[in-house]
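Asks: Can you look at this prediction? I've put the sequence above it.
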Amino acid sequence: MLELGILKTFNTETHKAGVQLVGSLTTYLDDIAVATNIAPEAMTVGNYVLVAIPGGNPRDACVVASWPAGSSGVTDHGDLDGLTDDDHSQYLNIARHDLVARHPLAVLDSAVCSETEADSKITTHKNNASAHHTKTDSSEIDHGSVQGLADDDHSQYLNTARHDLTARHPLGTVVPHESALNNIGNVNVPAPADNDVPYWDNAAGLWKCKAPVAGGWNASLTFVIDGGGEVITTGQKGHLKIPFACTIKQVTMLADQSGSIVVDIWKDTYANFPPTDADSITASAPPTISSSQKSQDSTLTGWTKSISSGAILAFNVDSCATITRVTISLKVERS
């Protein structure tokens with residue numbers, strides 16, 4: 001809002017004023033800002049002043065004009081000073097207009113070529129097939145007849161070079177797709193389940209799929225025989241039911257002290273439980289510790305290594321000396 005006031009004080013050092021609003025003996029604005037374009041000599045006590053009060057907040061008030069009392073001020077635009085100043089930079093003047101950047105195709109200089117001459121030259125060029133072409137309307141020009149169709153003019157689209165990059169395929173290189181699939185071999189996945197993973201069945205010569213195994217494809221089947229502080233006696237010591245199909249890869253034995261022990265392993269189905277000596281899977285190479293505290297065998301000569309899901313394993317001590325506790329660990333690969 002704008003208010004008319006009378007200048008009561010003016011501080012030349014701080015360029016601030018005290019103003020009493022016209023028509024009010026009680027409204028006095030003290031120490032308010034004065035526009036910097038008002039010269040100190042124009043701020044004579046007793047002058048009329050125009051006060052801008054943004055949002056009606058006196059704290060933000062500012063004197064924006066001052067004139068002597070009894071004067072009506074300038075009312076005609078032509079009487080203002082500084083009419084030749086460039087006070088309106090938002091509009092074009094000669095300097096801001098006459099720039100090549102504003103006329104990228106050409107700057108028409110009337111001293112070189114008049115507007116009429118320019119129109120004539122453009123018309124001549126347009127209709128000269130040898131200089132340009134006779135088809136000028138977009139409806140007349142067929143895209144297929146344009147030259148340079150093989151040029152890479154559209155870099156925003158994928159072409160072979162921009163598509164066939166390993167960086168665009170972080171899980172693996174599939175470039176080109178055809179050659180990457182040429183040697184994949186036969187695939188036999190009639191109804192894979194969600195999250196199944198592919199694997200190669202070398203015996204069948206086929207790619208198949210199976211459910212992933214948490215923690216990897218290897219597992220350990222562990223059985224502990226404890227003599228309760230005494231040397232382990234012979235005979236069956238317990239059974240394990242195997243919940244998944246697997247193949248035995250290695251057997252490890254760990255004893256509580258140096259000694260000797262031989263443990264046979266028997267296998268049978270749940271329906272035929274319990275297993276017997278006739279069901280031994282270790283042939284003539286049962287897990288053995290001989291005058292030591294440990295043993296490990298990954299050769300497994302003569303073993304029946306395959307174990308079906310649900311099979312029962314029995315652990316039978318054939319002989320033992322000194323050892324009072326032993327752990328038998330079968331490293332298996334799930335299938």
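Replies: In hand now; what should we look at? All values derive from a computational prediction rather than experimental measurement.

Asks: T233: what secondary structure?
Replies: Following DSSP: H, G, I helix; E, B strand; the rest coil, the label given to T233 is coil.

Asks: Correct me if wrong: it contacts N316.
Replies: No: look at T233 against N316 with C-beta atoms under 8 Å: they stay out of range, at 11.3 Å. Bear in mind the C-beta positions are built from the backbone N, C-alpha and C, glycine included.

Asks: which one of those two has more residues nearby?
Replies: Neighbour totals were compared for T233 and N316, and N316 leads with 20 against 10 (other C-beta atoms under 10 Å).

Asks: What pLDDT does the model give that one?
Replies: What the model reports for N316 is a pLDDT of 98.

Asks: How far off centre is the lengthiest strand in the chain?
Replies: Among the segments of the chain that qualify as a strand by DSSP state E, the longest is strand 246-268. Computed by C-alpha atoms, centre = their mean, to the nearest Å, the chain-centroid distance of strand 246-268 equals 51 Å.

Asks: Which element is encountered next along the chain beyond that strand?
Replies: Heading C-terminal from strand 246-268, the first helix or strand you meet, by DSSP states H and E, is strand 288-297.

Asks: hang on, the earlier thing: run the angle between the longest strand of the chain and strand 288-297 for me.
Replies: Strand 246-268 and strand 288-297 meet at an angle of 150 degrees, taking axes from the mean of the first three to the mean of the last three C-alpha atoms, to 10 degrees as the criterion.

Asks: which regions of the chain sit below the pLDDT cut-off?
Replies: 70-82, 98-115, 122-143, 169-190, 195, 212-217 (pLDDT under 70).

Asks: what ranges do the strands span in the chain?
Replies: Under DSSP E, the chain gives strands at 2-11, 16-21, 28-34, 48-52, 62-67, 197-201, 206-210, 218-226, 235-241, 246-268, 288-297, 306-307, 312-321, 325-334.

Asks: Save these as a markdown table, and put in distance to N159 too.
Replies: Shown next, in a markdown table, are these (distance: least, C-beta to C-beta, whole Å):
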| stretch | distance to N159 |
| --- | --- |
| strand 2-11 | 65 |
| strand 16-21 | 69 |
| strand 28-34 | 64 |
| strand 48-52 | 62 |
| strand 62-67 | 63 |
| strand 197-201 | 31 |
| strand 206-210 | 32 |
| strand 218-226 | 46 |
| strand 235-241 | 60 |
| strand 246-268 | 49 |
| strand 288-297 | 58 |
| strand 306-307 | 53 |
| strand 312-321 | 61 |
| strand 325-334 | 46 |
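
Asks: closest to A42 out of those?
Replies: Set against A42 and scored by C-beta to C-beta, the strands of the chain come closest in strand 62-67, at 5.1 Å.

Asks: Which positions within that closest one qualify as buried?
Replies: Under the neighbour-count criterion of 16 or more other C-beta atoms under 10 Å, strand 62-67 has C62, V63, A65, S66 buried.

Asks: quick one: A118 from S155, how far?
Replies: 35 Å (C-beta to C-beta, to the nearest Å).

Asks: returning to what we had before: out of the buried residues of strand 62-67, which comes closest to L50?
Replies: The closest of these, once distances to L50 are taken by C-beta to C-beta, is A65, at 4.0 Å.

Asks: I'd assumed L50 was in contact with the closest one.
Replies: Yes: contact criterion C-beta under 8 Å: A65 and L50 qualify, at 4.0 Å.

Asks: Neighbour count for A118 and S155, which is higher?
Replies: A118 (14 against 8).

Asks: In space, what's closest to V317 - neighbours in sequence excluded?
Replies: Sequence neighbours aside, T234 is the residue nearest to V317 in space, at 4.9 Å (criterion: C-beta to C-beta, 6 or more residues apart in numbering).

Asks: how many other residues sit next to that neighbour?
Replies: 13.

Asks: go on, A42?
Replies: 16.

Asks: how far away is the closest residue to it other than its chain neighbours from I323?
Replies: Spatial nearest neighbour of A42, chain neighbours left out: S66 (5.1 Å); criterion: C-beta to C-beta, 6+ apart. Distance, S66 to I323, by C-beta to C-beta: 113 Å.

Asks: who's the residue lying closest to G238 once chain neighbours are set aside bridged to?
Replies: Using C-beta to C-beta, 6+ apart and skipping residues adjacent in sequence, the residue nearest G238 is F315, 6.0 Å away. F315 has these beta-bridge partners by DSSP bridges: G238, I265.

Asks: Confirm for me that F315 is in contact with V224.
Replies: No: the criterion here is C-beta under 8 Å, and F315 misses it with V224 at 9.5 Å.

Asks: Which one's more surrounded, the two?
Replies: Neighbour tally, F315 and V224, criterion other C-beta under 10 Å: the higher count belongs to F315, 20 against 13.

Asks: dump the residue contacts of the more buried one.
Replies: By C-beta atoms under 8 Å, 6 or more residues apart in numbering, the contact set of F315 is F223, I225, Q236, K237, G238, H239, L240, V263, D264, I265, I328.

Asks: give me phi/psi at the residue nearest to S308 when sequence neighbours are not counted?
Replies: Distance criterion C-beta to C-beta, 6+ apart; nearest residue to S308, sequence neighbours excluded, is A245 at 5.6 Å. Main-chain torsions, A245, degrees, to the nearest 10: phi -80, psi 140.
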